[in-house]
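Colleague: A structural model of the following input is requested.
(one chain, ligands or ions: 1)
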Amino acid sequence: MTEESTQSSLNNVPRNPFLHPFDTPHAAIPFNKIKLEHYVPAFKEAIRIHESEIDDIVENKEVPTFQNTIEALENSGRLLSLVTNTFFNLNSAETTDEMQQLAEEISPMLTEHSNNISLNTRLFDRVKHVFTQKDNLELVAEQQTLLQKTYDSFADNGANLSDTDKITYRDLTEKLDTASLTFDRNILKEVNDYTLIITDKHLLTGLSDDYLETAAAKASAKGQNGWLFDLTAPSYVPAMKFLNNRELRQQLYMAFCTKGIHNDANDNQEIMRSIVNNRLQLAQLLGYKTYAAYVLKDRMAETSDNVYKLLNELLAAYKPVADKEIEAVQEYAKSLGFTEQLQPWDWAYYAEKLKDQTFTFNEDSLRPYFELNNVITGVFGLATKLYGITFKENADIPVYHPEVKTFEVFDHNGQYLALLYTDFFPRKGKRPGAWMTEFKGQWKEGEYNHRPHICLVMNFTRPTKTKPALLSFDEVKTFLHEFGHALHGIFSNTMYLSHSGTSVHRDFVECPSQFMENYAIEKEFLDDFGFHYQTKELIPSEMIRKIKNAENYNVGYQCVRQLNFGFIDMAWHMLEKDFSTNVIEFEKQAEKQTQLLPSLENTCISTAFGHIFSGGYAAGYYSYKWAEVLAADSFAAFQNAGIFNQDVANSFRNNILSNGGSEKPMTLYKRFRGQEPSINALLVANGMTAHTPK
Ligand SMILES: [Zn+2]
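Modeller: Residues are numbered from 1 along each chain as shown. Sure, this is the predicted structure:
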């Protein structure tokens, strides 16, 4: 910037890029022009506009109609979602201390604004007026969905309650918020408070030098000699797998499985009771028999009967397999001179040894075949093969970090479909993990179809001075997974933003992503791009076979473990009366059928089960398995016709991916598959034989 232009810009009123139309290709976000100081004024202005849009709806003198109320509400607040998406996406992918501070300032503003809407009784009166006439309105399916969703969003926030009940409702939600935080804090304290220091190195055989080095550093950070063990995953998991000393394994295992039940300040039993009871009361206040019923009405599963049907079918199929796996590990342990019955602290240790003996291959030996640029070609190429879409890099589109690349996505007929940003490497300011997100969703405005701006954020292995980025097999799977979510966004073709892309039920959203993971072990797919980056040799078939087998090692045990969590979750949320008895006994009862190894007294999963007591998975843990079944069942349709079959792909696109949350997921799914999903495809994928229903 020259001296003069600095001067002249100081003399002008600073332009807030959010408050003017973006003059970028595809109206992409002008990241290069957005500065930290633009956010708060942009949020304030966007909230003001949204409020005035809502006032217009409420003040409308005409009789409430679907168009002047439901659709008008749906189409309001566009600037606010743009600013919100930009800010919070960057706060995850490219944050700073200042930005995090700003988030703390902005979040309460947004909460207050959304409360003002959900508590606006005049607005709800209009919504209700339209809702009560829904059968006479001749709405198309997507409009019916929007009407139902809009009505529910008020009703589930207590809009239909009497004034006294509204106070009870608010009181319960506040109590639940606080209890979840306490629950989490207690688990964290339990983890942080526990350390085990061993000073005799002879007790630590089996652990790797790297592991011991970290353990020694941890001890010395506390001013102690020796090696420190704790309950965090990087310390606990390898110890259970590799530590030869059985007594130490037992000691660690018992510490891990007794979190929150020590009758001390960190005890979670009473907090759990209050959480399940308050959830039940909240559900009953809103007219549901159980908390599960309240949650599941907005899920693909719909009812607890359907959840139990899945859990029980999987249990019947996988339990015998799991029992055999345990027998095999027990036998193997015996061959090594271990004559006692396997206890829970022995399982990972001997299972790992048997795995090592059965599948001798090193994960790292795969990396040279997965050079990132080749993988990108392979994954994008897969979408081209299946759907005919193409990707063209456009360096003129502003990005939020120099490593981010932007692609224009075009349909098979050349029509522009979406923008796709990719952001592959870890750096300071990016949170760990991998995710797909949107800067802009998709919706239709009259004839005009607003196309989405989608972003893939990863934390893949970086290139080094001597090597390009060489991905692990897991990273390749992650790429396919997130790319599956991205396709859900790219193909979106719904009327309304609220239904677009991945705005679907929680137990459905992982179907398109897990579906894509299936390709990772298909030779036909890997042959397209899996070349050694130096020798140009194709990935050996023998290696692919080994990966496949390793993926299914102890699949029965793992499935039953997941079912165990699912049954426990459901048991707590199927309560119909206040719970006041023993937490541990209740849990032991709930997991009776899924018990594989000897049951131990005075251990408890629930008191440290953050997923369901503080993480939003209440009456939803089954979703992991539900989505796996859907993904395998979908992929089977491709396997039957050829994994690159374009007819099946187009049916998947047109019936599922394009429709987002515009209709019930089961309706969409049946249109694609011609029937409801069954667990058979998953059984086959897991190397088991499909059972024929009687
Ligand atoms: Zn996902």
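Colleague: Show me which residues of the stretch 501-650 of the chain sit near the ion.
Modeller: Counting by C-beta under 5 Å from the ion, the positions of the stretch 501-650 of the chain adjacent to the ion are 510, 513. All C-beta spots, glycine's among them, are computed from the backbone N, C-alpha and C.
Colleague: from the stretch 501-650 of the chain, which residue is nearest to the ion?
Modeller: As assessed by C-beta to the ion, the ion sits closest to Ser513 within the stretch 501-650 of the chain, at 4.2 Å.
Colleague: Tell me which residues are up against the helix or strand encompassing that residue.
Modeller: Ser513 belongs to helix 511-517 when elements are defined using DSSP states H and E. Helix 511-517 has contacts (C-beta atoms under 8 Å, 6 or more residues apart in numbering) with 436, 477, 480-485, 487-488, 627-628, 630-631, 634-635, 656-657, 669.
Colleague: where do the strands sit along the stretch 1-150 of the chain?
Modeller: Counting by DSSP state E, counting those that start in this stretch, the stretch 1-150 of the chain has no strands to list.
Colleague: low pLDDT regions in it?
Modeller: When residues are selected by pLDDT under 70, those of the stretch 1-150 of the chain lie in 1-14.
Colleague: ok, 50 please
Modeller: 1-12 (pLDDT under 50).
Colleague: so which residue of it comes closest to the ion?
Modeller: The minimum distance from the stretch 1-150 of the chain to the ion, using C-beta to the ion, falls at Ser92 (14.8 Å).
Colleague: pretty sure that residue contacts Pro432?
Modeller: No: applying C-beta atoms under 8 Å as the test, Ser92 and Pro432 come out as separate, 10.3 Å apart.
Colleague: more crowded one of the two?
Modeller: Just comparing Ser92 and Pro432: by other C-beta atoms under 10 Å the higher neighbour count belongs to Ser92, 15 against 6.
Colleague: what sits against that one?
Modeller: 430-431, 435, 437, 457.
Colleague: what's the answer for Pro368, then?
Modeller: Counting by C-beta under 8 Å, 6+ apart, Pro368 has contacts 470, 532-534.
Colleague: Which residue comes closest to it once chain neighbours are left out?
Modeller: His532 (4.9 Å; C-beta to C-beta, 6 or more residues apart in numbering).
Colleague: How about Tyr421?
Modeller: Nearest to Tyr421 is Cys455, by C-beta to C-beta, 6+ apart, at 4.1 Å.
Colleague: Look at the residue in the stretch 151-300 of the chain that the ion sits nearest to and say how many residues are nearby.
Modeller: Nearest to the ion, among the residues of the stretch 151-300 of the chain, is Met300, at 15.2 Å (C-beta to the ion). When neighbours are counted by other C-beta under 10 Å, Met300 registers 24.
Colleague: three-state assignment of it?
Modeller: Secondary structure, DSSP: H, G, I helix; E, B strand; the rest coil: Met300 is coil.
Colleague: Correct me if wrong: it contacts Val509.
Modeller: No: counting by C-beta under 8 Å, Met300 does not reach Val509; the two are 9.5 Å apart.
Colleague: hang on, the earlier thing: pull out the buried members of the contacts of Pro368.
Modeller: Neighbour counting over the contacts of Pro368 (16 or more other C-beta atoms under 10 Å) leaves 470, 532-533 as the buried ones.
Colleague: Now the residues you listed in a markdown table, please, with extra columns for secondary structure, distance to His129 and pLDDT.
Modeller: Listed next are these as a markdown table, based on DSSP: H, G, I helix; E, B strand; the rest coil; distance: C-beta to C-beta, whole Å; pLDDT from 0 to 100:
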| residue | secondary structure | distance to His129 | pLDDT |
| --- | --- | --- | --- |
| Leu470 | strand | 61 | 95 |
| His532 | coil | 66 | 97 |
| Tyr533 | coil | 64 | 96 |
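Colleague: Next, format those as TSV and append distance to Ser220.
Modeller: Listed next are these as TSV, based on distance: C-beta to C-beta, whole Å:
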residue	distance to Ser220
Leu470	33
His532	42
Tyr533	40
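Colleague: who touches Leu231 in this structure?
Modeller: Contacts of Leu231 by C-beta under 8 Å, 6+ apart are 190-191, 194, 252, 255-256, 259.
Colleague: Try it again at 10 Å.
Modeller: Counting by C-beta atoms under 10 Å, 6 or more residues apart in numbering, Leu231 touches 187, 190-196, 239, 252, 255-257, 259, 608.
Colleague: who wins for most neighbours among those residues?
Modeller: Tallying neighbours with other C-beta under 10 Å puts Ala239 at the head of the contacts of Leu231, with 27 neighbours.
Colleague: Could you measure from that residue over to Asn602?
Modeller: From Ala239 across to Asn602, the span is 21 Å (C-beta to C-beta, to the nearest Å).
Colleague: same question, Trp626
Modeller: Trp626 is 32 Å from Asn602, by C-beta to C-beta.
Colleague: cool, and Glu524?
Modeller: As for Glu524, its distance to Asn602 is 52 Å (criterion: C-beta to C-beta).
Colleague: low-scoring stretches of this protein, by residue?
Modeller: Using pLDDT under 50, the chain drops low at 1-12, 692-694.
Colleague: count of neighbours near the residue nearest to Tyr421?
Modeller: For Cys455, using other C-beta under 10 Å, the count is 24.
Colleague: No more questions from me, cheers.
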